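Q: okay, predicted coordinates and the sequence, questions at the end:
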Protein chains: 2
Amino acid sequence: MAKRSGLIEVAEAAACCPSVLGAPLGSADAGDLARGFSALADPVRLRVLSMLAAAPDGEVCVCDFVGPLGKSQPTISHHLKVLGDAGLVHGDRRGKWVWYSLDRGRLARLRAAIDA
Amino acid sequence: MAKRSGLIEVAEAAACCPSVLGAPLGSADAGDLARGFSALADPVRLRVLSMLAAAPDGEVCVCDFVGPLGKSQPTISHHLKVLGDAGLVHGDRRGKWVWYSLDRGRLARLRAAIDA
DNA sequence: CCCTCCTATTGACATCCATCTATGTATCGA
DNA sequence: TCGATACATAGATGGATGTCAATAGGAGGG
């Protein structure tokens, strides 16, 4: 151990809003945040989110992701499920189609985790 | 295709600061950002960053990560390399020890990518 | 009803990734 | 120069992940 150590305490108890730049993260909070950022750690999913953010009505039909993103329909469906499980998007079935929308609050919470 | 389509244009040319919430991301920008978020998509790495952020002198010796994080020394070294490659941390060798510090600007750039 | 269209699920496959042990490299002290 | 210490690298391995083809599930139109 280096002499300058400084006895860094690890607060396992969750703070109100776990942040990377606040007190040292415990395992549980770190795991939660890591799961969130994992959802952002894929170019296809980031493009899905950006298309949702830019959509005039705030929602995009599944079928409208397939062409622009150049991935198969099951692949798109898989990514939408990952984003949905992370709480970043929500799907709404309307007739034959499913319209997805962005959960900006959820994204803001992730942003807050790396905020000063 | 749904009738409400709306011809979403994909700007492949990089804007000044690619953001998920701005114009639809192109492949290149999405790939860059995904690589950045991948570095955050691990609980051990998030805890490393949080320990660096909370360190009184702004830097932490490698040896001081091993105990608190409960991982082997090579594993810690691996994660520090991943964070270093992502530009999020920098190492400074001083004698036998290597002190790592946080690049807050780099982290801020990632945060800006999901900023409103 | 049957057929068509849209979406989700399954199974298979290749790749990536986190982790460890073992080893290499570099620095300091004696 | 030798041994000890701190960190990095290499190799191996089990598990997670992105992708697609095939198929299932559901909704609407004849």
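A: Cool, the structure landed. What you are looking at is a predicted structure, and each value in this text was computed from that prediction instead of being measured. Numbers count the residues shown, from 1 in each chain, chains lettered A, B, ... in the order given.

Q: does stretch A:37-47 come close to DNA strand D?
A: Yes: remark: stretch A:37-47 sits within contact range of DNA strand D at A:38, A:41-42, A:44, by Cβ under 7 Å from any atom of the strand. Just so you know, the C-beta spots here come from the backbone N, C-alpha and C atoms, and that holds for glycine as well.

Q: among those, which are in reach of DNA strand C?
A: The overlap between these and the neighbours of DNA strand C (Cβ under 7 Å from any atom of the strand) is empty.

Q: residues of chain A that sit close to DNA strand C?
A: Near DNA strand C, when you scan chain A using Cβ under 7 Å from any atom of the strand, you find A:61-63, A:73-74, A:77-78, A:80-81, A:91, A:96-98.

Q: buried among those? Make that a ChimeraX selection.
A: Remark: buried members of the residues of chain A next to DNA strand C, expressed as a ChimeraX selection using 16 or more other Cβ atoms under 10 Å in any protein chain shown:
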select /A:61,62,80,98
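
Q: could I get the residues of chain A next to DNA strand C as a markdown table with distance to B:Asp85?
A: A markdown table is the format used below for those (distance: Cβ to Cβ, whole Å):
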| residue | distance to B:Asp85 |
| --- | --- |
| A:Cys61 | 38 |
| A:Val62 | 35 |
| A:Cys63 | 37 |
| A:Gln73 | 34 |
| A:Pro74 | 32 |
| A:Ser77 | 32 |
| A:His78 | 27 |
| A:Leu80 | 30 |
| A:Lys81 | 29 |
| A:Gly91 | 35 |
| A:Lys96 | 45 |
| A:Trp97 | 41 |
| A:Val98 | 38 |
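
Q: of all the residues of chain A next to DNA strand C, which two lie farthest apart?
A: Pairwise distances across the residues of chain A next to DNA strand C (Cβ to Cβ) peak at 19.9 Å, for the pair A:His78 and A:Lys96.

Q: circling back: among the residues of chain A next to DNA strand C, which ones are in helices?
A: Cross-referencing the residues of chain A next to DNA strand C against helices under DSSP state H gives A:63, A:73-74, A:77-78, A:80-81.

Q: could I get these as JSON lines with pLDDT?
A: Output for these, formatted as JSON lines (pLDDT from 0 to 100):
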{"residue": "A:Cys63", "pLDDT": "97"}
{"residue": "A:Gln73", "pLDDT": "98"}
{"residue": "A:Pro74", "pLDDT": "98"}
{"residue": "A:Ser77", "pLDDT": "98"}
{"residue": "A:His78", "pLDDT": "98"}
{"residue": "A:Leu80", "pLDDT": "98"}
{"residue": "A:Lys81", "pLDDT": "98"}
